[in-house]
Each structure stands twice: as structure tokens, then as C-alpha cells.
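# After the sequence you'll find the predicted model.
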Amino acid sequence: MKTTSFLGRKFLAASRRATLFSFSAFLLISCVTRLSEANKLFENGLFAESADAYEKILDTDPENSDAKIGLAKSRSELWKKELVSIRLMRMSGNGKGALERLEELLEKTAVWDLSRFQSGDLVSAEEEVRNGRRVLDALMREQLNDKKPVVASHYWNKFNQVREAKKYGSYSSAIYNDIQKEGQELCGRLQELISNTSFSFNNVYKAVCAFYGADAKTIALDNQQEYRFSRIDLANGLSVRSYEATSDSQAKIILGLFDERLKKIGMFSAQSPYTLSAQLQGEFVRIYDAQPTLMAHSYREKVPFQAIEEYEDTEYVNRTVNGVARTDERKVKKTRPVTRYRMEPRTHRYQAIKHSERLRLNMSLSAKALQEFSIGYSQDKDNNFVIHEENLPHIGLTPLQSKFMVVSDWLQENYTKMSDQFIEKLALTTADKFCQAVKLNEVSKDGAENFSRCAELNPKNSAATAWFASKFGLERAEVLRVVGKVVH
């Protein structure tokens, strides 16, 4: 037994070594093939593609020296090729385009090991960075001269790599102080546009002032302006039938979520004497039935049967010919019984419960804001399934569990679809009031607010877009992004 055990261990160890050798050989062949493909890409001048190919090799074989050298060479050639393109773009007069491309290149190379690059490549890059910074300074100075510090801040943030590329020399931050100073002056100019009706524009004004470290004027908002602010009165007329008690609370939760969504459109104030009355009408019905039923499961079974098989046999006959005894053989046909098998259909009958579930939702949502309007929505959902406890896996029959729908999820999905339509229509209807006013009252105390509310509710309105461009150089949403206020 000891000898057998020892030989078994020897055989197992040899098998493992053979397996490891085979796997190592496979990896080696695969790596050589991929390396050859990467080399071909490099030779054909596809440096970005060859760099990607070498990186993939190093992902699985980090110590592959050939791939490391190939990756460094590919990046160096890609670097030189991009620098030439940037230089040509700048010399053709497209300084801003060259600056954007340089920013992309520096962002890409920020994680590269540049130690393998030739010194001439780095000198060329330093020259382009210096030229890029000059273009950046000119762009920001141009915006400051035009009293558009927000655009200058946009450029400052956008071309961060060009500014922060310390390996190519430090960047003077003097212009940053000039941007801050001009931003504070912009805050002062915006104060002249603020009034007690500036609910929407007040958000822009305060965000700009805070960004540039200026003190914003505190104003008491006047909630007496009709349709500028409204309270929400959302009445629920949705009846729930044929479902468990929790459905009422589910409906109330979803209604509350809808109420919160309405309040985020930018036109509501709890203190306003004016009310936006919204009415949700309709019904939700769950029609459910469960009936015991006799089910039939069809399958095929292997069944033995007796058959008669014909076969050939040899018989021997003794006889005497001319006084001599001899034995003759002859072939004869015989039959014998044999057992064979065939697949025969079978039916297994068993008890189950058949469930039938239908969810039906009919809703209409109406409101009177500048005009009366409503959105209707209806949806049906059928769900039929069978449950049983039969467990006969040898004939392909296993238990089936219940598959009821998650009603709360289904309700919320449909509430969301309808409320999206309603809110979009409400926002556009309300935006019409402010967007119609912007053509007439830019000089009035409501001018900035009308433009801001119009741009907030309908960002594509050309008049509002043009007004924000004249004051800030950017659209309303872009202004708030630059100064750090998230816009939903």
C-alpha cells in the first residue's frame, strides 16, 4: 500500500507540473502573439492603438520588458505627433483650438512616465505650454475687458492642466486676482437689478457674489406677486379598491413625492397668498382571483417490452456415407424472446392553484395656473401564474412559488410617468408668462427676474439666453455651474 501511495503522489505531482507547463506555454504563446500585433500597430504609425495594445499586455504581464519599451516608444511618438498638430493649429491662427487640444494632451500625459522621453520632446512641450498660457491669458483678459468675469473663471477652470503643468514652469496667478476683483464689481452691478420680486434671479446673484467673495445684499422677497409664487394645494381624489390596507398609505407616500416635485419647479412659496390648486382624480383597482385547478404534466418515460428476435445458428448433423461417418454443419434461422425499450407518453395529474391578477390605474391631473389644463393617464397590467408543491424532478416537475407584482413599485412608476408629463406642461405654461414679459420690461424692476425665470423654466428661449449672454457671457445654467451651484 505504501508503494502504491508513493507512486500515486509521484504521478499527481508530474501531472501538476505538466499542467503548469502547458498553461505557461499557452500564456507565452498568447503574449508573443499580442506583442507581435502591438509591434505591427506601432510600425504602421498607429501610436494610440499600439499604446493601448502594450498596456493590455502589461495588465496581465506587468514585468514584460518588451511591452514596457513599446509603450514608452508609442507614447513618445504620440506625444510628438500631437505637439506637431497643436503647433500647426496655433500657427494657422486657431489659438483657442490649439489650447483645447493641448489641455487634452496634458490631461492624458499627467499619469505617464516621461523619463523615457527624449529631452528634445520635453523642450518642445515646454514651448507649447508657454504659448498655450499666453493664449489662455489673452482669452481671460478679453473677457475681463468685456466685463465678463464668469467666462474668465470658466476658462481658468477649464484649462487647469495648462495652468498647473509645473514641470514646464510656474504660472503667474496675477490674473486670478484680477478675475476676483472684476467678479466683485459684477456683484455690485447685479445689485442694481435685484428687487423684492427677484425670487429666481436672487439665486444667481447670491451664487455669483459668494463665488467672488463679495457681500450680497439681503432683500425681503415679496410673495404678493401673483403667479410669481404660489402655494401648492394638491388634492387627492384617487380611490383604491380591492387591495390590502397598505395601498392607501402607498398612494399617500407617492402623492407626497409628487407634491415635492411640484415645489421644485421654481415657482412656489409656502408664504404666498396665491394657491395653485391641483387635483388628482381617478382610481386604482386590483382584480384578483385564485382558483384550485387540476393540472396535467406531460412527459415521456422509458418502458420495457418483449420482442421476438430472429437470429442465425449452426446445426451439426451426423451421417454415414459409404460406410464412413461424417459430421455436416448447416446454417439455420431461429427466433428468441428479447427485452427492448421504447419512450412512451405519460401524463401526471396534480392539484395546483391558478392566480389571476390585474392592476388597473386611471388618473387625471388638472391644475389652474395661467390657464386650466389637465393630463390623463391610464395603464393596465396583467399577471397570471400557477403555484403548486409537486416535486418530481425526474419527470421535470418542480414546485412553483407565487409571483405577485410589487404594487407599490408599479404605482410609483406610473405616477412618475404622469407627473413628468404634467410638470413639463406646467413649467412651459408658467414660462410663457415670464418669457412674454421679457420683451417689454427689461428696464423695469421685474426685468432680471423675468429673464431668469424664463431661462430657468425654458432654457431654449432665445431672448432669455441673449440676456444672460449680455450680462454674464454664458447661459443661466452655465453661470451657476461655473460659480459652483448645482443645477438640476
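Perfect, thanks for sending it.

# Only C-alpha atoms from now on, for both contacts and neighbour counts.
Will do.

# name the helices or strands packed onto the longest strand along the chain?
Of all the segments of type strand in the chain, defined by DSSP state E, the longest one is strand 275-321. For strand 275-321, the helices and strands in contact under the criterion 3 or more C-alpha pairs under 8 Å, 6 or more residues apart in numbering; DSSP states H and E are strand 231-241, strand 324-368.

# quick one, which of the ones you listed is packed in tightest?
strand 231-241 (a mean of 16; mean count of other C-alpha atoms under 10 Å).

# Looking at the helix or strand following that strand now, give me its mean pLDDT.
Note on strand 231-241: by DSSP states H and E, the next helix or strand toward the C-terminus is helix 246-263. Over the span of helix 246-263, the pLDDT mean works out to 72.

# which residues sit against helix 246-263?
By C-alpha atoms under 8 Å, 6 or more residues apart in numbering, the residues outside helix 246-263 that reach it are I232, L234, N236, V240, S408, L411, Q412, Y415, T416, S419, I423.

# What sits closest to the last one if chain neighbours are left out?
I take that to be I423. L262 (6.8 Å; C-alpha to C-alpha, 6 or more residues apart in numbering).

# Touching, R101 and I86? I think so.
Yes - when contacts are counted by C-alpha atoms under 8 Å, R101 is listed as touching I86 (6.6 Å).

# These two: which is more packed in?
For R101 versus I86, the count of surrounding residues by other C-alpha atoms under 10 Å is larger for I86: 23 against 18.

# that older thread, could I get the contacts of helix 246-263 in TSV, plus columns for distance to A290 and pLDDT?
Shown next, in TSV, are the contacts of helix 246-263 (distance: C-alpha to C-alpha, whole Å; pLDDT from 0 to 100):
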residue	distance to A290	pLDDT
I232	43	78
L234	37	79
N236	31	76
V240	20	69
S408	21	76
L411	22	80
Q412	26	79
Y415	28	80
T416	31	82
S419	34	83
I423	40	84
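
# any chance of these in a markdown table, with distance to S92 too?
Below are the contacts of helix 246-263 laid out as a markdown table (distance: C-alpha to C-alpha, whole Å):
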| residue | distance to S92 |
| --- | --- |
| I232 | 59 |
| L234 | 61 |
| N236 | 65 |
| V240 | 70 |
| S408 | 62 |
| L411 | 60 |
| Q412 | 57 |
| Y415 | 56 |
| T416 | 53 |
| S419 | 53 |
| I423 | 49 |
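
# of the residues you listed, closest to S36?
S36 lies nearest to T416 out of those, by C-alpha to C-alpha, at 54.7 Å.

# Distance of the closest one relative to S408?
The span separating T416 from S408 equals 12 Å under the rule C-alpha to C-alpha, to the nearest Å.

# any idea which helix or strand comes after the helix or strand of the chain with the lowest mean pLDDT?
Taking mean pLDDT, DSSP states H and E as the measure, the helices and strands of the chain show their lowest mean at helix 2-43, namely a mean of 61. Going down the chain from helix 2-43, the next helix or strand is helix 47-60, by DSSP H and E.

# returning to what we had before: quick one: distance of the longest strand of the chain to the chain centre.
Its chain's average C-alpha position is 44 Å from that of strand 275-321, according to C-alpha atoms, centre = their mean, to the nearest Å.

# pLDDT (mean, whole number) over stretch 67-84?
87.

# contacts for it?
Contacting residues not belonging to stretch 67-84 are listed as 35, 39, 42, 47-48, 50-51, 54-55, 57-58, 102, 105, 113, 116-117, 121, 124-125, 128 [C-alpha under 8 Å, 6+ apart].

# The residues you listed, buried ones only, as a ChimeraX selection?
Of these, the buried ones go into a single ChimeraX selection, burial set by 16 or more other C-alpha atoms under 10 Å:
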select :35,39,42,47,48,50,51,54,55,57,58,102,105,117,125,128
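
# which stretches of the stretch 151-300 of the chain have low pLDDT?
By pLDDT under 70, the weakly predicted segments of the stretch 151-300 of the chain are 224-228, 240, 242-248, 250-251, 266-267.

# now with 80?
The model of the stretch 151-300 of the chain has pLDDT under 80 over residues 166-168, 221-232, 234-259, 261-274.

# Tell me the spacing between the closest residue to P304 other than its chain neighbours and E310.
Counting by C-alpha to C-alpha, 6+ apart, P304 lies nearest to Y341, which is 4.3 Å off, once chain neighbours are set aside. Per C-alpha to C-alpha, Y341 is found 17 Å from E310.

# Enumerate the positions of stretch 175-184 that are buried.
Buried positions in stretch 175-184, judged by neighbour count with 16+ other C-alpha under 10 Å: D178, I179, Q180, K181, E182, G183, Q184.

# Got the phi and psi for the nearest residue in space to the second one that is not next to it in sequence?
Distance criterion C-alpha to C-alpha, 6+ apart; nearest residue to I179, sequence neighbours excluded, is P149 at 5.6 Å. Listed backbone geometry of P149 is phi -70, psi -30, with angles given as degrees, to the nearest 10.

# got it, and the one 10 residues further on?
With angles defined as degrees, to the nearest 10, F159 shows backbone torsions of phi -110, psi 50.

# What is the burial count for the closest residue to it other than its chain neighbours?
Of all residues not flanking F159 in the chain, E103 sits nearest, at 6.0 Å (C-alpha to C-alpha, 6+ apart). Other residues lying near E103 total 21 when counted by other C-alpha under 10 Å.

# before we move on, what about the one 3 residues further on?
Burial of L106, expressed as a neighbour count using other C-alpha under 10 Å, amounts to 20.

# could you list every residue that touches it?
Going by C-alpha under 8 Å, 6+ apart, L106 touches Q161, V162, A165.

# Would you agree the first one is in contact with E107?
So the one you mean is Q161. Yes - with contact defined as C-alpha under 8 Å, Q161 counts as touching E107 (6.2 Å).

# Show me what the nearest residue to A325 once chain neighbours are set aside is bridged to.
What sits nearest to A325 in space, not counting adjacent residues and going by C-alpha to C-alpha, 6+ apart, is R319, at 5.7 Å. Per DSSP bridges, residues listed as beta-bridge partners of R319: R326.

# Distance check, R319 against R330.
R319 is 13 Å from R330, where distance means C-alpha to C-alpha.

# any chance of the contacts of L106 in TSV, with secondary structure, distance to P345 and neighbour count too?
Putting those into TSV (DSSP: H, G, I helix; E, B strand; the rest coil; distance: C-alpha to C-alpha, whole Å; neighbours: other C-alpha atoms under 10 Å) gives the following:
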residue	secondary structure	distance to P345	neighbour count
Q161	helix	75	19
V162	helix	78	25
A165	coil	79	17
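
# Can you tell me which of these is closest to T398?
Of all the contacts of L106, T398 sits closest to Q161, with 62.7 Å by C-alpha to C-alpha.

# quick one, domains of this protein?
For the chain, the structural domains run 33-172, 178-222+438-482, going by automatic domain parsing.

# Any chance of those in TSV with distance to F284 as columns?
Shown next, in TSV, are the domains of the chain (distance: least, C-alpha to C-alpha, whole Å):
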stretch	distance to F284
domain 33-172	50
domain 178-222+438-482	32
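
# Ok, which of those domains comes nearest L294?
Set against L294 and scored by C-alpha to C-alpha, the domains of the chain come closest in domain 33-172, at 58.6 Å.

# pLDDT weak spots in the stretch 301-450 of the chain?
For the stretch 301-450 of the chain, the stretches flagged by pLDDT under 80 are 368-371, 408, 412, 430, 433, 437-446.

# can you list contacts of stretch 295-312?
When contacts are taken as C-alpha under 8 Å, 6+ apart, the neighbours of stretch 295-312 outside the stretch itself are 331-352, 395-397.
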